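Peer 1: next come a sequence and a model predicted from it.
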Amino acid sequence: GFFLMNKERLGNFIKEYKFDISLIFIAFTVFVFLLLNFSIKYINGSSMEPTYKDGNILVIKKGKSIQKDDIILFNAPKSWDTKEKVYIKRVIALGNDKLEINNNEVYVNNEVVKLSPKICEGVEDISITLKDNQYFVMGDNITLSNDGFEQYCKGNSEVLITKDRVILFGEEFIKFGGIR
């Protein structure tokens, strides 16, 4: 049969299909490289507008370690009381950063990072230093984002995301228009 080749038949087979075998090997190598270094995600919702709109397709270049301003996909804590299983947000603060929220402004290491048009009433200001495995995340569309700041406004003490909840992180590589 086909698999019971002698050396001569194998040599002829390789000569005849050398180009095809090379092409398949190259395609496989490229596929594995892309799979290991990039991830494709569909944007569902408006919490990251205007950067990413509902229906955008985003190719994320996977990072080696989480950095400020990275895109992060994570499982939200149960206390966020949401139907969404996986969130996409931006990292605002990470381990060893000092996070403060007061007067509806978010400060990281004493610098204003986000000014919120939201008014949070009846909540106390917070000032914490994040541990190595903690992240404070926000959507780019702060008025419509269920994120760390929204949870703060609701009085939820669980405003940080821990590393064990992180599914994927990195930076935008390519963004495609919406398909809706």
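Peer 2: Cool, the structure landed.

Peer 1: quick one: mean pLDDT for stretch 133-151?
Peer 2: Stretch 133-151 shows a mean pLDDT of 91.

Peer 1: buried residues in that stretch, which are they?
Peer 2: Taking 16 or more other CB atoms under 10 Å as the neighbour-count basis, stretch 133-151 is seen to contain the buried residues 134-142, 145-151. Backbone N, C-alpha and C define where each C-beta goes, glycine included.

Peer 1: same question for stretch 117-125.
Peer 2: Applying a neighbour-count criterion of 16+ other CB under 10 Å, one finds Cys120 buried in stretch 117-125.

Peer 1: can you show me the CA trace of it as CSV?
Peer 2: Included here for stretch 117-125 are C-alpha records, laid out as CSV according to Å, rounded to 0.1, in the frame of the first residue of the first chain:
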residue,chain,number,x,y,z
PRO,A,117,-19.0,62.1,34.2
LYS,A,118,-20.7,59.7,36.6
ILE,A,119,-21.6,61.0,40.0
CYS,A,120,-21.1,58.4,42.7
GLU,A,121,-23.1,59.4,45.7
GLY,A,122,-23.0,57.8,49.2
VAL,A,123,-19.7,56.0,48.7
GLU,A,124,-16.5,56.6,50.6
ASP,A,125,-13.3,57.6,48.8
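
Peer 1: can you tell me what sits against it?
Peer 2: For stretch 117-125, contacts defined as CB atoms under 8 Å, 6 or more residues apart in numbering pick out 100-104, 142-143, 149-150, 152-153, 155.

Peer 1: run the last query once more with 6 Å
Peer 2: 102, 104, 143, 153, 155 (CB atoms under 6 Å, 6 or more residues apart in numbering).

Peer 1: about what we covered before: tell me which of the buried residues of stretch 133-151 fall in helices.
Peer 2: Secondary structure from DSSP state H places 148-151 of the buried residues of stretch 133-151 in helices.
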